[in-house]
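Enquirer: Predicted model and sequence below, questions to follow.
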Amino acid sequence: SKPVKDKEPHPDDLIPNDVRDPSTGIWYKKGKFMGKGGFARCYELTDQTTQKMFAGKIVPKTLLQKPHHRDKMTLEIQIHRDVRHQHIVGFHSYFEDKDFVYILLELCRNRSLMELQKRRKAITEMEARYFLKQIVEACVYLHNRNIIHRDLKLSNVFINSNMEIKVGDFGLATRIDFQGQKKKTLCGTPNYLAPEILMKKGHSFEVDTWSVGCIVYTLLVGHPPFETTKLADTYDKIKKNDYKIPDRLSNSAKHLIELMLKPNPLQRPTMRAILAHEFFTSGHLPSHLPTSCLTMAPRQV
Ligand SMILES: COc1cc(C(=O)NC2CCN(C)CC2)ccc1Nc1cc2c(cn1)c(C)nn2-c1cc(Cl)cc(-c2ccccc2C(N)=O)c1
């Protein structure tokens, strides 16, 4: 008879309940499992001295054996630890023990735009204006520092307890080393893939504009612009720039989406130009949103 494969220990069981940062001596208690992405599992981690809570991204070193994977993790940490902005997830610290790498990040108690969009489907233009402004401000900051995020998507745009946006997950981010440099490779699959990456034409900052265009479209329409049931068909639609904007959207929203989803990257607006677009002045731009927006549309004034 076939030998019964002894049950793999569940990854949770292997992560200690209490972890210590060797460089500070601070102990953290592992709390609730919050999600997983790529090689990482995310748990609440509480500083035992201050009781401050963090989102702890924990990566087993068994998954970082290949130098290529280790280098990617190192690059993610190097880029994220050097940025600091109101609308970018705060990087607190990172450390490792025998078995794991721990990255302590700003905890966003209202999760991400992915959960909000799943629950709400299409949100109002006023809410989209509010979220888009903060996402683009984070991108202006990153692009000014020659950093391309390359994986802007709903689940990487987090929402804190004040309903403020925090862009996170620098796992596919890269630095431009000189003016005009075009990146040729990208290992990983961004969710909202720009055509120039698909067609391997070399890419730069404009891929972030494309991704943010897909985010705005998805928030206002209720589904992604190029979504199909098969990945090959989605790639086909991206290459053909085959998408439709429903008439119910305002002209300024339609115009902005069309600009951000231009097939030719050189025709897409820079992040700073997006902030100057009439979409932001064509309707109310709230300074805050109530948490009720996570589950229902705000009353239209
Ligand atoms: C209290 O704060 C949170 C609660 C929850 C929560 O209650 N999740 C439950 C969903 C239902 N299941 C059954 C149980 C868990 C999720 C995210 C939170 N906040 C949070 C997460 C964060 C960060 C900051 N804040 C940062 C920075 N990175 N991540 C992060 C990291 C990784 Cl590796 C994966 C994901 C993730 C994975 C898959 C889907 C969604 C996500 C997602 N975007 O939350 C998120």
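Expert: Cool, got the structure. Just so it is clear, the structure is predicted and the values come from calculations on it, not from any experiment.
Enquirer: Going by C-alpha atoms from here, please, whenever you check contacts or count neighbours.
Expert: Fine.
Enquirer: Strands of the stretch 1-150 of the chain, start to end?
Expert: Secondary structure of the stretch 1-150 of the chain (DSSP state E, counting those that start in this stretch): strands at 18-21, 26-37, 40-47, 53-60, 91-96, 100-106, 147-148.
Enquirer: What helices and strands are in contact with the next helix or strand along the chain from the shortest one?
Expert: Following strand 147-148 in sequence order, the next helix or strand is strand 157-159 (DSSP states H and E). Under the contact criterion of 3 or more C-alpha pairs under 8 Å, 6 or more residues apart in numbering; DSSP states H and E, the helices and strands touching strand 157-159 comprise helix 113-120, strand 165-167.
Enquirer: so can I have a markdown table of those showing mean pLDDT, distance to residue 297 and mean neighbour count?
Expert: Putting those into a markdown table (pLDDT from 0 to 100; distance: least, C-alpha to C-alpha, whole Å; neighbours: other C-alpha atoms under 10 Å) gives the following:
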| stretch | mean pLDDT | distance to residue 297 | mean neighbour count |
| --- | --- | --- | --- |
| helix 113-120 | 98 | 8 | 18 |
| strand 165-167 | 98 | 18 | 25 |
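Enquirer: could the ones you listed go into CSV alongside distance to residue 20?
Expert: Formatted as CSV, these follow (distance: least, C-alpha to C-alpha, whole Å):
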stretch, distance to residue 20
helix 113-120, 32
strand 165-167, 27
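Enquirer: Which one of those lies nearest to the ligand?
Expert: Closest approach to the ligand among these is made by helix 113-120 (6.8 Å; C-alpha to the nearest ligand atom).
Enquirer: that older thread, could the strands of the stretch 1-150 of the chain go into JSON lines alongside mean pLDDT?
Expert: Shown next, in JSON lines, are these (pLDDT from 0 to 100):
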{"stretch": "strand 18-21", "mean pLDDT": "96"}
{"stretch": "strand 26-37", "mean pLDDT": "96"}
{"stretch": "strand 40-47", "mean pLDDT": "97"}
{"stretch": "strand 53-60", "mean pLDDT": "97"}
{"stretch": "strand 91-96", "mean pLDDT": "97"}
{"stretch": "strand 100-106", "mean pLDDT": "97"}
{"stretch": "strand 147-148", "mean pLDDT": "98"}
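Enquirer: Quick one, which of those gets closest to residue 227.
Expert: strand 26-37 (20.8 Å; C-alpha to C-alpha).
Enquirer: roughly how far out does the closest one sit from the chain middle?
Expert: 19 Å (C-alpha atoms, centre = their mean, to the nearest Å).
Enquirer: neighbouring contacts of it?
Expert: With contact meaning C-alpha atoms under 8 Å, 6 or more residues apart in numbering, strand 26-37 is reached by 16-21, 41-49.
Enquirer: make it 6 Å
Expert: 17, 18, 19, 20, 42, 43, 44, 45, 46, 47, 48 (C-alpha atoms under 6 Å, 6 or more residues apart in numbering).
Enquirer: repeat for stretch 179-191
Expert: Stretch 179-191 is contacted by residues 151, 202, 203, 204 when judged by C-alpha under 6 Å, 6+ apart.
Enquirer: what's the model's confidence in it, averaged?
Expert: Averaging pLDDT along stretch 179-191 yields 90.
Enquirer: burial measure for residue 65, as a count.
Expert: By other C-alpha atoms under 10 Å, the residues close to residue 65 number 10.
Enquirer: what residues does this structure put near the ligand?
Expert: Neighbours of the ligand within the chain, by C-alpha under 6 Å from any ligand atom: 33-37, 40-42, 55, 57, 89, 105-109, 111-112, 155-156, 168.
Enquirer: looking at the helices and strands packed on strand 157-159, which is closest to residue 257?
Expert: Among the helices and strands packed on strand 157-159, helix 113-120 sits nearest to residue 257 (C-alpha to C-alpha), with 17.6 Å.
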